[in-house]
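*Asks:* Got a predicted structure plus its sequence, pasted below:
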Amino acid sequence: MTSVKQVTNSAFELSPTDRLLNFLKAQGIKDTYVVALTPDASTRNYFRIPWKKGKSIAAVYPEPFDPHFHPYLDVTHLFLESDIPVPEIYAVAGGTGIIVQEDLGDQQLCQVYEVASQEECEDYKERAINIIARIQKATEKAHELKSISSRLAFDEAKLSWELDFFVEHYFQSLRGETLRRAEAAELKAELNDISAELSAAPRVLCHRDFHTANLMLDSINQLRVVDHQDARMGPASYDLVSFLLDRQPTPPSLAELRSYRLLLLEERRLQGLEPLDPS
């Protein structure tokens, strides 16, 4: 008699494309023409596929998963419950490592910036900062639902790892430099102080990777959030700094940074959140 484990192992001997095609046929979908999409630094494969509700996106994972303990599904549920605009989930097949979700199209905010007017860009930034405040408002809901995100945090160890990652890839990979031992020790001490200070700050729910490549404009020009599976608790400034500085060709001025920070504080106030020190 064939076991479920044997069937699962057999499925993963197939390529991601063949695994997906078998899944679609099992769903009774006759049109099985799929388009491979280029993943961004991911172990997952993405495809645009035909579906019962029209075209959808399939994420095909390299291994099976339990849908009840899956970060992406967990955080998607939390965000939808909190009225945060993320793609709807259409189908889940944990045994074959497949999630089918709403297709938001191809318009990343970073691409829209390239053709939008300055006034339009400012409007998008304001809308994005509103979403950051709404994510922070979901902090209580994350604890209430016992979300995976409520049990993860930017603690001192995690922040230190991220800063070490920056040092390695900025100095070595990008600049091709090797710091002298004294310089490296001095920088490490500074970064440890930063990690300690940030980890001691009050924590709210953070997207964790909130930048313009992870914000999409859908067919009705609504801003939607993707790549949210790594959400966790952290400083209230984390997502804002990521949005304003990460992957930006030209960083905002100090005056603009202060303006956007005040905007986040105001959006938090409108969401009924506790005031933060504006300094």
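*Replies:* The structure has been received and is ready for your questions. Numbering: from 1, shown residues only.

*Asks:* which intervals of the stretch 151-279 of the chain have sub-threshold pLDDT?
*Replies:* Applying pLDDT under 70 to the stretch 151-279 of the chain picks out residues 278-279.

*Asks:* which residues in it form helices?
*Replies:* Assignment of helices within the stretch 151-279 of the chain using DSSP state H, counting those that start in this stretch yields the ranges 156-167, 181-199, 238-245, 254-270.

*Asks:* cool, and the stretch 1-150 of the chain?
*Replies:* Using DSSP H, counting those that start in this stretch, helices in the stretch 1-150 of the chain cover 4-11, 16-26, 71-81, 109-115, 118-137, 139-144.

*Asks:* which one of the helices of the stretch 151-279 of the chain is the most hemmed in?
*Replies:* Burial of the helices of the stretch 151-279 of the chain is given as mean neighbour count (mean count of other CB atoms under 10 Å); helix 238-245 ranks first at a mean of 20. Quick note: C-beta positions are derived from backbone N, CA and C, even for glycine.

*Asks:* next one: that one to chain centre, how far?
*Replies:* 12 Å (CA atoms, centre = their mean, to the nearest Å).

*Asks:* What lies in contact with that helix?
*Replies:* With CB atoms under 8 Å, 6 or more residues apart in numbering as the test, helix 238-245 has contacts from 125, 128-129, 132, 135, 154, 206-212, 251-252, 257, 260-261, 264.

*Asks:* try it again with 7 Å
*Replies:* Residues from elsewhere that reach helix 238-245 (CB atoms under 7 Å, 6 or more residues apart in numbering): 128-129, 132, 135, 154, 206-207, 209-211, 251-252, 257, 260-261, 264.

*Asks:* before we move on, what about stretch 164-177?
*Replies:* 178, 179, 187.

*Asks:* excluding its backbone neighbours, what's nearest residue 257?
*Replies:* residue 244 (6.5 Å; CB to CB, 6 or more residues apart in numbering).

*Asks:* Chain neighbours aside, what residue packs nearest to residue 222?
*Replies:* residue 85 (6.2 Å).

*Asks:* re earlier: pull out the buried members of the contacts of helix 238-245.
*Replies:* 128-129, 132, 135, 154, 206-207, 209-211, 260-261, 264 (16 or more other CB atoms under 10 Å).
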